[in-house]
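In: Mind looking at a prediction? Sequence and model below.
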Amino acid sequence: MRGPEVFCLRQKNDILFAYFLFALTSLLTSVPAQDFYIECLGFDFLMVQNLVLQCRGPVQQACYTRDTGEKGCTPLRNCVKRGWSCCKTNRCNA
């Protein structure tokens with residue numbers, strides 16, 4: 001008599017596991033990828049002069065001004081470089 005009882009218990013575990021997988025995949029697919037957006041003023045000495053840049057991407061960015069006067073947007077990892085000053089609000093590098 002142990003055969004049918006073991007089969008029934010295993011079947012219930014399989015169903016619970018299937019529900020767990022379904023819940024997990026629906027949770028993971030419902031979370032959208034993070035999209036960062038910031039507006040910065042762009043300036044270089046050749047072509048761009050006070051142009052509003054709309055910077056968007058999966059990595060958070062900041063507006064920057066370099067010691068040379070160059071302006072734009074950059075990933076946050078560049079903000080620790082010497083000669084770069086960064087800010088994190090729209091058009092804050094005006």
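Out: Right, received. Where do you want to start?
In: hey, where'd the helices end up in this protein?
Out: 2-30 (DSSP state H).
In: how does it divide into domains?
Out: Domains of the chain are assigned by automatic domain parsing as 1-31, 36-87.
In: Just the buried positions in stretch 71-84, please.
Out: Burial within stretch 71-84, assessed by neighbour count using 16 or more other Cβ atoms under 10 Å, is assigned to 71-74, 79. The C-beta positions use only the backbone N, C-alpha and C, and glycine is treated the same way.
In: Lowest mean pLDDT across the domains of the chain, which one is that?
Out: The weakest mean pLDDT among these belongs to domain 1-31, with a mean of 58.
In: can you pull the contacts of E39?
Out: E39 sits next to 52-55, 90-91 when contact means Cβ atoms under 8 Å, 6 or more residues apart in numbering.
In: Now for D67: which residues touch it?
Out: By Cβ under 8 Å, 6+ apart, the neighbours of D67 are 83-84.
In: Kindly recompute the last result at 7 Å.
Out: Contact partners of D67, counting by Cβ atoms under 7 Å, 6 or more residues apart in numbering, are G83.
In: Tell me how far it lies from V59.
Out: 24 Å (Cβ to Cβ, to the nearest Å).
In: Which residues lie in contact with V48 in this structure?
Out: G42 are the contacts of V48 under Cβ under 7 Å, 6+ apart.
In: looking at the sheet around F36, what are its partners?
Out: Listed beta-bridge partners, F36: G57 (assigned using DSSP bridges).
In: was I right about it contacting A62?
Out: No - using Cβ atoms under 7 Å, F36 is not in contact with A62; the gap is 9.8 Å.
In: of those two, who's got more company?
Out: Between F36 and A62, A62 has the larger neighbour count (other Cβ atoms under 10 Å), namely 23 against 14.
In: Neighbours of the nearest residue to the more buried one once chain neighbours are set aside, how many?
Out: Leaving aside its chain neighbours, A62 sits nearest to C86 (4.1 Å; criterion: Cβ to Cβ, 6 or more residues apart in numbering). C86: 20 surrounding residues under other Cβ under 10 Å.
In: and K88, how many neighbours does it have?
Out: Neighbours of K88 using other Cβ under 10 Å come to 12.
In: Now do it against M47, distance only.
Out: When K88 is compared with M47 (using Cβ to Cβ), they lie 26 Å apart.
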